[in-house]
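Trainee: sequence? don't have it. structure:
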C-alpha cells in the first residue's frame, strides 16, 4: 500500500472511530443551557490581509464583556481538505450562545456591540448571520 493511501485509510478510520464515539455521547454534553446560537461570518475588504483579520478578531473578542453572551467562540478559516461543500471564502467567524431570545436581543443593542460595529465595520465587506434555536 502506498504511503499516501495508507495515510488516507488511517485518517478515515480515525474519523469513523471519532464519529462513532461522538454519537454514543449523551446529548447533555451540548449547549442546552445556551440554546440560541448566533453565528456570524465576515469577509474582509482587504482579502488576505492578516493585519485586518487579526484586528477584527481582537474586536470580536471584546464582545465577550457583554453579560448577555453565554459563550463566545472566534475563529478563522481552518486549513482543512478542500471539498465542494466547504465554503472557505470568509475570513473570520464569531459563534455566540445565549440562554434565550431576550439575551440575544439585548446583545444586539448593547453599547459594546454598537461600538464594535462603529469601530470595526470598516474592515469587512460582507457579513452573513445565521441565528439558530436548538430543538
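Mentor: Here it is on my side, so go on. Note that this is a predicted model, so its numbers are computed, not measured.
Trainee: least confident secondary structure element in the chain?
Mentor: Lowest by mean pLDDT, DSSP states H and E among the helices and strands of the chain is helix 3-24, with a mean of 47.
Trainee: how far does the helix or strand where residue 103 lies sit from its chain's centre?
Mentor: Per DSSP states H and E: residue 103 is located in helix 101-109. On the basis of C-alpha atoms, centre = their mean, to the nearest Å, helix 101-109 sits 18 Å off its chain's mean C-alpha point.
Trainee: and for stretch 87-96?
Mentor: The chain centre lies 6 Å from the centre of stretch 87-96; the measure is C-alpha atoms, centre = their mean.
Trainee: buried residues in it?
Mentor: Neighbour-count burial for stretch 87-96 flags 90, 91, 92, 93, 94, 95, 96 (criterion: 16 or more other C-beta atoms under 10 Å). All C-beta atoms are positioned from the backbone trio N, CA, C, and that covers glycine.
Trainee: among these, which lie within helices?
Mentor: Among the buried residues of stretch 87-96, no member falls in helices (DSSP state H).
Trainee: ok, of the residues you listed, which one's closest to residue 33?
Mentor: Closest to residue 33 out of these is residue 96 (13.8 Å), distances taken as C-beta to C-beta.
Trainee: residue 127 versus residue 94, what's the distance?
Mentor: 10 Å (C-beta to C-beta, to the nearest Å).
Trainee: what touches both of the two?
Mentor: Common contacts of residue 94 and residue 127 (C-beta atoms under 8 Å, 6 or more residues apart in numbering): 40, 42.
Trainee: tell me where this protein has strands.
Mentor: 36-44, 71-76, 92-98, 124-133 (DSSP state E).
Trainee: tell me which of those sits most buried.
Mentor: Using mean count of other C-beta atoms under 10 Å, the stretch among those with the largest mean neighbour count is strand 92-98, at a mean of 21.
Trainee: flag every buried residue along the helix holding residue 103.
Mentor: Those would be 103, 104, 106, 107, for helix 101-109 by 16+ other C-beta under 10 Å.
Trainee: ok, the last one touching residue 113?
Mentor: Yes. Here residue 107 lies in contact with residue 113, judged by C-beta atoms under 8 Å, at a distance of 5.9 Å.
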